[in-house]
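Trainee: Quick check, what structure comes out for this input:
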Amino acid sequence: MPRKSKINALYVWDVWNEEVIKISVNQMAYVVFYTQDTWLMPGQYIVVMRNGTHVNQVERTARRLRAKAAKRGYLIEIQQTYSGAFHGFLVKMSSDVLHMAVKLPHVEYIEEDSSIFAQSIPWNLQRILQNKHETGKYSPPNDGAKVGVYLLDTSVQVTHREIEDRVMVTDFNSVPEEDGVRVHRQASQCDSHGTHIAGVVSGRDSGVARGASVNSVRVLNCQGKGTVSGALAGLEYIQSSLMSQAIRPVILLLPFVGGFSRTLNAACRKMVESGAVLVAAAGNYNDDACLYSPASEPEVITVGAVNFADQPLSTGTTGTNAGRCVDVFAPGDDIISASSDCSTCFTTKSGTSQAAAHVAGIAAVLLNLNPNSSSAELLQQLLHHSVKQAINPEYLPLNHRLPTPNMVVALPDPTSTLTGEDLLCRSVWSERSAAKGLATATARCRHSEEMLSCSSFSQNGARAGERVEVISKECLFRFGNGGQGVFAVARCCTGHKAQCQMLESPQRGADAECPPDHQLTGCSSSSSSGDASDSERPLHGIRRACPAKRDVTSYASCCHTSSLECRLKEHDSTGLSEQVEVSCEDSWTLTGCQGLSHGSVVRGAFALGNTCVVHTSGGDIGAAAIATCCRHRLSHNMYNEIQNISQYI
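Mentor: The predicted structure follows:
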């Protein structure tokens, strides 16, 4: 919370100069609380009576003050009287009335009212901290001071104590007229959403990155409504501003959603290609985020919302959007931040806008550590530091449970040594294919990511395996005979700094083999018959290859770098289990995941964090999960050094 500095204002009557003056605490024999000027509540005063004053004298003094003020044209309002711990009253009045109040009999002094704050971290800030041992203190690795944030929102109350001197209002304004004829455009209404969001990003007490600068670009009107054309104009304005006065690194926060717009998505994609990081709200419609823009744009970091119990945000008939287009979740329920009602007011708001603001703040902290990170690298860092499997899948819609990432953002652990050159991977799911023969759908990595493996998954095992588009590096799947559709899952990675290529077997039934001095990071296979394609165990000896059965085409992801090393890790199912898992060890990253049938039908394989998950039809025959785990030798050595040092801390 804020530091203590100046004393509360104490007002007394100077009998020699006949004026009201502020005095220092040393001139009075009273103990007062210390505060900051920004905590003061103008126009609200505590009138303290002398010791021995009776209750009826308090009420009489209040009446006399009201009468004297009215005679001079001032209206005052007595809010409360006190007769327990001290005698006095709370009054709302102009500062011009002070000289009348301090001259009244029995008045000892007058103190200007001010805000007080609970000395604990709000739940949302506590949630994103990983150094839990510092209870009651919000201490991120840095304050994001090197990062600029463009906020596309409503207008912002820049005089609020939380964001004063931290927000610059640009001259851009593109909003539609408000609906209805009885709209009152009070500043507090027009500034409500933008002020709250700006406070979550960089507020003095409620902010995640308290040193980040925020540039307000108004694209929403007083009702929080805008247009796609207005948002496009806002993006164009920002792009022009960055060309004339480069701000690097820069984050664009888009705390709004509209219906799917190909044009808006394309404009956001172009901003990412120019070097910006875009963070967007997933939407509050309890729906598939892929149906909305800019949430559906793959190059944008799309954020869903959770409550304090890590459950997906749900408020009545509305709730956070979910699905494969959501990248990560963040706190979004009852978030305390700046209120536009007054310059010292706070309020709580809920939604995916607040969740996106948390991610923008954490992104600023991460970019402050690694300013040259691309948007894809930053997303991988966000996911690396996130709390995995925090959300109970039962609270997610059934059709979105697998594709929705089960991760809640967190700030980096103080001991983390992660850099932009670490090997990091994530899973990207396609939409589910149509339930008809040989229907296809595609999973794609981001522009600056490499696809290191490709797998598929079907609820009932009816699949024909994966087909990899070698040139475009796309993971395609083909629907098999019967069933409910199939998902393709691409394993997308950054930080490897390797020359990677996807190689296809020269003919069906032949191995797809990596060239010498290449590491095998993943295998895929597809069947020409339309039947389920069972994988063969990858070869990781002198020959690094993906074997294929008869009439099956195999694909090998091969990377060339002297620092990369890979190995297989395998685990067999036991008993009647329909799921088998195997995880890569610490310092190793899962790059490939596949199932090896021992006779049971393999429904498919997919990576869940650093774990390879294989679903089977069950029975007593079972299957095996095979994980391809890779790491940089340099990162491994550094990891060991940190582990050794930590033993002595």
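Trainee: hey, where'd the helices end up in the protein?
Mentor: Taking DSSP state H as the test, the helices found in the chain are 55-71, 98-102, 123-128, 187-190, 192-202, 228-244, 262-273, 352-369, 375-385, 633-646.
Trainee: Buried ones in the fifth one, by neighbour count?
Mentor: Neighbour-count burial for helix 192-202, counted by 16 or more other C-beta atoms under 10 Å, picks out 192-202. Heads up, the C-betas are built off the backbone N, CA and C, glycines and all.
Trainee: which intervals of the stretch 101-250 of the chain have sub-threshold pLDDT?
Mentor: 115-120, 131-136, 180-188 (pLDDT under 70).
Trainee: what do you get if the cut-off is 90, keeping everything else the same?
Mentor: Scanning the stretch 101-250 of the chain with the threshold set as pLDDT under 90 gives 102-103, 105, 108-122, 130-137, 139, 174-190, 223, 243-248.
Trainee: roughly how far apart are the closest residue to Glu77 other than its chain neighbours and Ser339?
Mentor: Leaving out its chain neighbours, the residue that sits closest to Glu77 by C-beta to C-beta, 6 or more residues apart in numbering is Lys92, at 4.4 Å. To Ser339, Lys92 is 19 Å away according to C-beta to C-beta, to the nearest Å.
Trainee: which of the two has more neighbours?
Mentor: With neighbours defined as other C-beta atoms under 10 Å, Lys92 and Ser339 compare such that Ser339 has more, 22 against 14.
Trainee: contacting residues around the more buried one?
Mentor: Ser339 sits next to 160, 192, 195-196, 345-347 when contact means C-beta atoms under 8 Å, 6 or more residues apart in numbering.
Trainee: possible to save the residues you listed as CSV with distance to Ala510?
Mentor: Output for these, formatted as CSV (distance: C-beta to C-beta, whole Å):
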residue, distance to Ala510
His160, 67
Ser192, 64
Thr195, 64
His196, 60
Cys345, 71
Phe346, 67
Thr347, 66
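Trainee: The residues you listed: which two are farthest apart?
Mentor: Using C-beta to C-beta, the contacts of Ser339 span at most 12.6 Å, a distance reached by Ser192 and Phe346.
Trainee: any idea how far Ser577 is from Glu474?
Mentor: Glu474 sits 33 Å away from Ser577, going by C-beta to C-beta.
Trainee: of the two, who's got more company?
Mentor: Shown here are Glu474 and Ser577; by other C-beta under 10 Å, Glu474 has more neighbours (19 against 14).
Trainee: right, and out of the contacts of Ser339, which lies closest to Gln484?
Mentor: Nearest member of those to Gln484, counting by C-beta to C-beta, is His196, at 42.4 Å.
Trainee: contacting residues for the closest residue to that closest one other than its chain neighbours?
Mentor: Closest residue in space to His196, ignoring its immediate chain neighbours: Ser337 at 4.6 Å, by C-beta to C-beta, 6+ apart. Ser337 is in contact with 162, 195-197, 199-200, 203, 206-207, 346-349, 354, counting by C-beta under 8 Å, 6+ apart.
Trainee: The residue nearest to Pro393 when sequence neighbours are not counted and Gly332: what is the separation?
Mentor: Excluding the flanking residues, the one nearest Pro393 by C-beta to C-beta, 6+ apart is Arg401, at 4.7 Å. To Gly332, Arg401 is 20 Å away according to C-beta to C-beta.
Trainee: Neighbour count for those two, which is higher?
Mentor: Gly332 (29 against 15).
Trainee: ok, the nearest residue to that one once chain neighbours are set aside to Ser296 distance?
Mentor: Nearest non-adjacent residue to Gly332, counting by C-beta to C-beta, 6+ apart: Ala305, 2.6 Å away. Taken as C-beta to C-beta, the spacing of Ala305 relative to Ser296 amounts to 17 Å.
Trainee: With neighbour numbers in mind, choose between those two.
Mentor: A direct count of neighbours by other C-beta under 10 Å for Ala305 and Ser296 places Ala305 higher, at 30 against 27.
Trainee: Let me see the contact set for the more buried one.
Mentor: 282, 284, 312-313, 320, 329-333, 350-352, 354-355.
Trainee: The same query, at a cut-off of 7 Å, please.
Mentor: Residues near Ala305 by C-beta atoms under 7 Å, 6 or more residues apart in numbering: 313, 320, 329-330, 332-333, 351-352, 354-355.
Trainee: ok, what's across the strand from it?
Mentor: Here Ala305 sits in beta bridges with Ala330, going by DSSP bridges.
Trainee: Tell me the pLDDT of it.
Mentor: In this model, Ala305 is scored at 97, pLDDT.
Trainee: Same check on Leu476?
Mentor: Note on Leu476: pLDDT of 81.
Trainee: which of the contacts of Ser337 lies closest to His54?
Mentor: Closest to His54 out of the contacts of Ser337 is Phe346 (37.4 Å), distances taken as C-beta to C-beta.
Trainee: pretty sure that closest one is touching Ala338, no?
Mentor: Yes. Between Phe346 and Ala338 there is a contact under C-beta atoms under 7 Å: 6.5 Å.
Trainee: higher neighbour count, the two?
Mentor: Each of Phe346 and Ala338 has its neighbours counted (other C-beta under 10 Å); Ala338 has more, 32 against 21.
Trainee: okay, the helices of the chain in TSV with distance to Ser458 next?
Mentor: Formatted as TSV, the helices of the chain follow (distance: least, C-beta to C-beta, whole Å):
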stretch	distance to Ser458
helix 55-71	77
helix 98-102	77
helix 123-128	36
helix 187-190	51
helix 192-202	41
helix 228-244	37
helix 262-273	29
helix 352-369	31
helix 375-385	25
helix 633-646	35
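Trainee: of these, which approaches Thr154 most closely?
Mentor: Closest of the helices of the chain to Thr154 is helix 192-202, at 4.0 Å (criterion: C-beta to C-beta).
Trainee: So what angle separates the directions of that closest one and helix 352-369?
Mentor: For helix 192-202 against helix 352-369, the angle by axes from the mean of the first three to the mean of the last three C-alpha atoms, to 10 degrees is 30 degrees.
Trainee: who does helix 192-202 touch, helix- and strand-wise?
Mentor: Judged by 3 or more C-beta pairs under 7 Å, 6 or more residues apart in numbering; DSSP states H and E, the packing partners of helix 192-202 are strand 148-153, strand 213-218, strand 335-338, helix 352-369.
Trainee: any idea which of those is most buried?
Mentor: Greatest average neighbour count among those goes to helix 352-369 (a mean of 29), per mean count of other C-beta atoms under 10 Å.
Trainee: returning to that earlier point: quick check: beta-bridge partners of the residue nearest to Glu77?
Mentor: Beta-bridge partners for Lys92, by DSSP bridges, are Gln44, Glu77.
Trainee: what about Met93, neighbour count?
Mentor: Applying other C-beta under 10 Å, we find 21 residues neighbouring Met93.
Trainee: what does Ser453 give?
Mentor: Ser453: 32 surrounding residues under other C-beta under 10 Å.
Trainee: now do Ala85
Mentor: Ala85: 6 neighbours (other C-beta under 10 Å).
Trainee: Same check on Pro176?
Mentor: The tally of other residues near Pro176 (other C-beta under 10 Å) stands at 14.
Trainee: contacting residues for it?
Mentor: Applying C-beta under 7 Å, 6+ apart, the residues near Pro176 are 221, 225-227.
Trainee: make it 6 Å
Mentor: Counting by C-beta atoms under 6 Å, 6 or more residues apart in numbering, Pro176 touches 221, 227.
Trainee: Look up how far Thr352 lies from it.
Mentor: 22 Å.
Trainee: likewise Tyr109?
Mentor: From Tyr109 across to Thr352, the span is 49 Å (C-beta to C-beta).
Trainee: which non-adjacent residue is nearest Ala231?
Mentor: Nearest non-adjacent residue to Ala231, counting by C-beta to C-beta, 6+ apart: Val219, 5.2 Å away.
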